[in-house]
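Chemist: Return atomic coordinates for the entry below.
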Amino acid sequence: MIQGLIFDMDGLLLDTEKYYFRYWMQSAAEFGFSMKPRHALAIRSLCAKYAERYLKRELGEDFDYHAVRARRRVLIQEAMEQFGIQLKPGVRELLAWCRENDVLTAVATATPTENAKIHLERVGLKDCFSVIVGGDSIENGKPCPDIYRKAAAVLSLPTENCLALEDSPNGILAAFSAGCNPVMVPDLTEPDEMLKPLLYAWVPTLMDVIGLIEEERSR
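Modeler: Below you'll find the model as predicted:
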């Protein structure tokens, strides 16, 4: 029985993954590195220690990950101030359905906890979740399972009783390894043939998650 939903944040709740994609490449270029779209896509939801290793391997050991990331943060903040933060389709409808049907909700994001709370507060979502687990609150970030295990534990639910809603391969790997039921709601990429076997489901929007749970409850 599905009793809880654990949400990724960027690209899943908030339409912000496009900023990360764009400004990783722009920031890297300012430091003299030619980051390609595939590099920016590969590090979605990837925790810093793994992202740094990957980018140094791809772009060279002199790639200054922390300086590039700090500049990327400035660029993203400027973009958010200018353009705002939009929600992905179906967010409010799904959260309202969860409240009405006693389904617990949590956020599990690679973003630091306080930053995540600020972003969610800004769009009026912070109080919709029982817990917000940021990447700074666990030892091993995505694609390791720690963050999903912690979110489920705080909800006092077994991971197998949770749907994990994700838009990125690294997030799906984390959820699957934790024993959750991974549901992919694609943002910048669709699931490939290697990822599809890990999925409980693959749906176009968060609104479609309601049907998944209702179907499961009717069995």
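
Chemist: pLDDT at the nearest residue to Ile43 once chain neighbours are set aside, what is it?
Modeler: Spatial nearest neighbour of Ile43, excluding adjacent residues (C-beta to C-beta, 6 or more residues apart in numbering): Ala51 at 4.3 Å. Where you see a C-beta, it was placed from the backbone N, CA and C, and this is true even at glycine. On pLDDT, Ala51 comes in at 95.

Chemist: wait, Ala51 sits on Tyr65?
Modeler: Yes: counting by C-beta atoms under 8 Å, Ala51 touches Tyr65, with 7.1 Å between them.

Chemist: tell me the average confidence for the longest helix seen in the chain?
Modeler: Assignment by DSSP state H gives helix 65-83 as the longest helix of the chain. Mean per-residue pLDDT for helix 65-83: 95.

Chemist: contacting residues around that helix?
Modeler: 16, 19-20, 22-24, 26-28, 30-31, 33, 48, 51-52, 55-56 (C-beta atoms under 8 Å, 6 or more residues apart in numbering).

Chemist: just checking, which of those residues belong to helices?
Modeler: 19-20, 22-24, 26-28, 30, 48, 51-52, 55-56.

Chemist: Would you reformat those residues as CSV and include distance to Val74?
Modeler: Formatted as CSV, these follow (distance: C-beta to C-beta, whole Å):
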residue, distance to Val74
Tyr19, 12
Tyr20, 13
Arg22, 13
Tyr23, 9
Trp24, 13
Gln26, 11
Ser27, 8
Ala28, 14
Glu30, 11
Ala48, 17
Ala51, 18
Glu52, 19
Leu55, 18
Lys56, 22
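
Chemist: filter those to the buried ones?
Modeler: 19-20, 22-24, 27-28, 51-52, 55 (16 or more other C-beta atoms under 10 Å).

Chemist: nearest to Cys144, of those residues?
Modeler: Ranked by distance to Cys144 (C-beta to C-beta), those are led by Ala51 at 12.9 Å.

Chemist: quick one, what contacts Gly60?
Modeler: Phe33.

Chemist: Hmm, I typed the wrong one, I wanted Leu14.
Modeler: 85-88, 119-120, 123.

Chemist: Now rank those residues by neighbours and give me the top one.
Modeler: When neighbours are taken as other C-beta atoms under 10 Å, the top entry among these is Leu120 (22 neighbours).

Chemist: Give me the domain ranges for this structure.
Modeler: 4-15+87-217, 17-83 (automatic domain parsing).

Chemist: Quote the end-to-end distance of the first one.
Modeler: Spelled out, it's domain 4-15+87-217. 13 Å (C-alpha to C-alpha, to the nearest Å).

Chemist: The shortest one too?
Modeler: The first residue of domain 17-83 is 14 Å away from its last residue (C-alpha to C-alpha).

Chemist: Run the chain-centre distance for it.
Modeler: Distance of domain 17-83 from the chain centroid (C-alpha atoms, centre = their mean, to the nearest Å) equals 16 Å.

Chemist: again, but for the first one
Modeler: Its chain's C-alpha centre and that of domain 4-15+87-217 lie 7 Å apart, by C-alpha atoms, centre = their mean.
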